[in-house]
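> Mind looking at a prediction? Sequence and model below.
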Amino acid sequence: MTKAEDSVRQATAQAHPNIALIKYWGKRDVALNLPVVGSLSITLDRLHSCTTVRFLPELAADRVWLNGHEDLASARRIGRFLDRLRERAGVRCGAWVESGNNFPTAAGLASSASGFAALALAGSAALGLTLDATELSLLARQGSGSAARSIFGGFVEWSHGERADGLDSVAHPIRPAQYWPLRVVVAVTSTASKAIGSSEGMQRTALTSPYQSAWVDTQEADLARARAAIEARDFEALAAVSEHSCLKMHALAMAAQPGLLYWNGATLDAMHAVRQLRAQGVPVFFTVDAGPQVKAICLPDAANAVAEAMRSLSGVLDVIECGLGEGACLIEAEAAGA
Ligand code: DP6
């Protein structure tokens with residue numbers, strides 16, 4: 001056992017999913033998950049990933065359990081992620097990782113964001129590394145880009161950065177959750193896992209969509225509009241720029257070859273229903289990620305009406321409601337065997 005392995009501990013951390021209002025789509029470096037554009041998100045409350053990491057000297061290979069089942073495919077991706085931590089801590093032994101979500105994995109709620117944020121925190125704490133939130137964001141980003149944002153709560157921005165090593169591509173909080181307590185109503189329209197994952201979709205888009213440069217060129221203006229809308233708590237302005245970013249990301253991806261079509265019929269019905277509500281004066285807007293679920297974001301007083309409207313659509317299978325939450329947190333850290 002090396003000296004570093006002497007101090008090996010185990011740790012458990014929790015992190016919430018986040019929803020991008022100004023979308024991340026496209027990487028300038030695939031291996032490091034460096035984005036071509038900045039993005040801006042809200043971190044949710046109530047829903048979380050909870051992850052325990054134990055580094056065990058007797059374990060030669062990593063073992064990963066997701067929602068109670070051993071997951072060999074994830075073990076490789078998680079193993080590569082943990083290698084960075086092992087290298088930093090000078091530890092070689094395998095890890096036993098148990099992670100669970102208190103929300104359906106197929107709900108299109110970016111379980112990779114909350115999962116890698118919780119893993120970054122639990123894994124580093126288990127190795128006795130004390131990383132600040134910025135270092136954790138940088139680390140989480142390397143597992144899944146959007147995980148960089150789940151380290152923080154409330155309204156969060158992730159910079160694309162300029163550096164080739166990615167040291168300047170981290171997230172930072174803009175405003176806390178309490179500043180503007182928006183509600184998020186998720187309309188689940190399918191429980192099938194998505195055909196084309198985000199990473200693959202982004203690559204195809206960058207290589208084949210004729211709109212890629214327009215996407216990159218217009219992102220800064222969207223970010224500025226969103227920042228100003230949040231600062232002023234101007235719901236109408238945030239609705240306009242968020243729907244614009246969502247539709248622009250999908251238009252960009254639809255124009256790839258072959259085109260990426262993440263929506264189903266119920267996705268469109270829910271988007272129309274949100275716009276109808278807004279036309280009637282209900283403060284609500286939609287956003288949709290790389291899947292068919294619709295996230296309706298509204299002011300607190302409108303949440304019941306929005307949830308009711310989503311539930312009344314025949315293609316909506318489930319409705320999940322939440323508010324804005326805090327960043328990733330450590331639940332416990334202790335010496336192994338203690
Ligand atoms: C559409 O963070 O899942 O949700 O970095 O390849 O793991 P990787 O991608 P991921 O992509 C999220 C894309 C999105 C938009 C967003 O969350 O900003």
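That came through fine. Numbers count the residues shown, from 1 in each chain.
> check which helix or strand covers Ser199.
Ser199 is part of helix 198-208, with elements assigned from DSSP states H and E.
> again, but for Ala226
Going by DSSP H and E, Ala226 is part of helix 212-231.
> For Asp165, grab the count of nearby residues.
Per other Cβ atoms under 10 Å, the neighbour tally for Asp165 reads 10. (Each C-beta comes from the backbone N, C-alpha and C, glycine too.)
> tell me which element it is part of?
Using DSSP H and E, no helix or strand contains Asp165.
> burial measure for Ala31, as a count.
Residues near Ala31, counting by other Cβ under 10 Å: 9.
> Equivalent analysis for Ile174, please.
Ile174 has 18 neighbours, counted by other Cβ under 10 Å.
> buried ones in stretch 132-145?
For stretch 132-145, a neighbour-count test (16 or more other Cβ atoms under 10 Å) marks Ala133, Glu135, Leu136, Ser137, Leu138, Leu139, Ala140, Arg141, Gln142, Gly143, Ser144, Gly145 as buried.
> filter those by proximity to the ligand?
Among those, the residues within reach of the ligand (Cβ under 6 Å from any ligand atom) are Ser144, Gly145.
> got the buried residues of stretch 132-145 as a markdown table, with pLDDT columns?
As requested, these are exported to a markdown table (pLDDT from 0 to 100):
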| residue | pLDDT |
| --- | --- |
| Ala133 | 98 |
| Glu135 | 97 |
| Leu136 | 98 |
| Ser137 | 98 |
| Leu138 | 98 |
| Leu139 | 97 |
| Ala140 | 98 |
| Arg141 | 98 |
| Gln142 | 97 |
| Gly143 | 96 |
| Ser144 | 95 |
| Gly145 | 97 |
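> Mind checking which of the buried residues of stretch 132-145 land in helices?
Ala133, Glu135, Leu136, Ser137, Leu138, Leu139, Ala140, Arg141, Gln142, Gly143 (DSSP state H).
> give the contact list for the first one.
Under the criterion of Cβ atoms under 8 Å, 6 or more residues apart in numbering, the neighbours of Ala133 are Ile151, Phe152, Gly327.
> From those residues, pick the one nearest the ligand.
Of all these, the ligand sits closest to Ile151, with 13.1 Å by Cβ to the nearest ligand atom.
> quick one: the residue nearest to the closest one when sequence neighbours are not counted from the ligand, how far?
What sits nearest to Ile151 in space, not counting adjacent residues and going by Cβ to Cβ, 6 or more residues apart in numbering, is Ser137, at 4.4 Å. Using Cβ to the nearest ligand atom, to the nearest Å, Ser137 is found at 13 Å from the ligand.
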